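[1] Return atomic coordinates for the entry below.
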Amino acid sequence: MIELRRVFTHAEDIIHEFGPPPPQPLRRGAAVAIIQNPFAGRFEPDLLPFMDALKPLGLDLARRLLAALGVAAPAVQGYGKGAIVGSAGELEHGALWHAPGGYGMREVLGDTLAIVPSTKKVGAPGATLDVPLTHVNASYVRSHLDALEVRVPGAPAADEIAYILVMSTGPRVHERLGGLRADAIERWDGQR
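    All right, here's what the predicted structure looks like:
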């Protein structure tokens, strides 16, 4: 049911951003699976079977992203997901990624508690998407509220969907806005 056409990975180290260099560079990245949209050009009333079919892709993409970052799962402090649907599809085709993408990362990263933030849109080839990031264990940790701009050259075509996962190893460089601190998270702060 899933025709994988391309996988795109991106990893970056933020070594300096105004002010003094951080004690350790921030590493963040994205993995994108470009698949053929089986619903392109038509309305499908029952999308749920396809959501289930995407679960192995969520796991595979999360593993690929962790490998691209070159870190162990406990080093990941932030995550997010998104989708860009080609112009022959509809926004709901991107929403299919909510469970497979989120649960794929949760399984690969282990015992994370926060909701995986998400965004999606319908776009032309080369469209960009700012994918939100939050702390993996508490959504309201201000230092980790961020976004990663993702773009795949030439994708998605009209009959494709780009499913995206993002991860980071820490807070924004020079974060200083207060609020709940990562080192003060309590076990059940996931949605706080």
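[2] thinking Ala114 is in contact with Ser139, fair?
    Yes. Counting by C-beta atoms under 8 Å, Ala114 does reach Ser139; the two are 4.6 Å apart. To be clear about C-beta, it is placed using only N, CA and C from the backbone, and glycine gets the same treatment.
[3] ok, the two, which is more surrounded?
    Neighbours were counted for Ala114 and for Ser139 using other C-beta atoms under 10 Å; Ala114 has more, 22 against 19.
[4] State the distance from that one to Leu26.
    19 Å (C-beta to C-beta, to the nearest Å).
[5] Equivalent analysis for Ala155, please.
    26 Å.
[6] ditto for Gly104
    Distance, Gly104 to Leu26, by C-beta to C-beta: 23 Å.
[7] between the two, who's got more neighbours?
    With neighbours defined as other C-beta under 10 Å, Gly104 and Leu26 compare such that Gly104 has more, 26 against 20.
[8] is it true that the more buried one lies in a helix?
    Yes. Assessed by DSSP: H, G, I helix; E, B strand; the rest coil, Gly104 belongs to a helix.
[9] Phi, psi for Val173 please.
    Note on Val173: backbone dihedrals following degrees, to the nearest 10 are phi -60, psi 130.
[10] For it, which non-adjacent residue is closest in space?
    Counting by C-beta to C-beta, 6 or more residues apart in numbering, Val173 lies nearest to Glu17, which is 4.3 Å off, once chain neighbours are set aside.
[11] wait, doesn't that neighbour sit right on Pro25?
    No. Counting by C-beta under 8 Å, Glu17 stays clear of Pro25, with 10.1 Å between them.
[12] Distance of Pro25 relative to Pro56?
    Applying C-beta to C-beta, the value for Pro25 to Pro56 is 32 Å.
[13] More neighbours: which of the two?
    Remark: of Pro25 and Pro56, Pro25 carries more neighbours, 15 against 12, as counted by other C-beta under 10 Å.
[14] Contact partners for the more buried one?
    Pro25 makes contact with Asp13, Ile14, Ile15, according to C-beta atoms under 8 Å, 6 or more residues apart in numbering.
[15] could you give the mean pLDDT of the top helix by length along the chain?
    Counting residues, the longest helix found in the chain (DSSP state H) is helix 55-69. Averaging pLDDT along helix 55-69 yields 98.
[16] Does anything pack onto it? Which helices or strands?
    The contact analysis (3 or more C-beta pairs under 8 Å, 6 or more residues apart in numbering; DSSP states H and E) places helix 55-69 against strand 4-14, strand 26-36, helix 98-109, strand 160-168.
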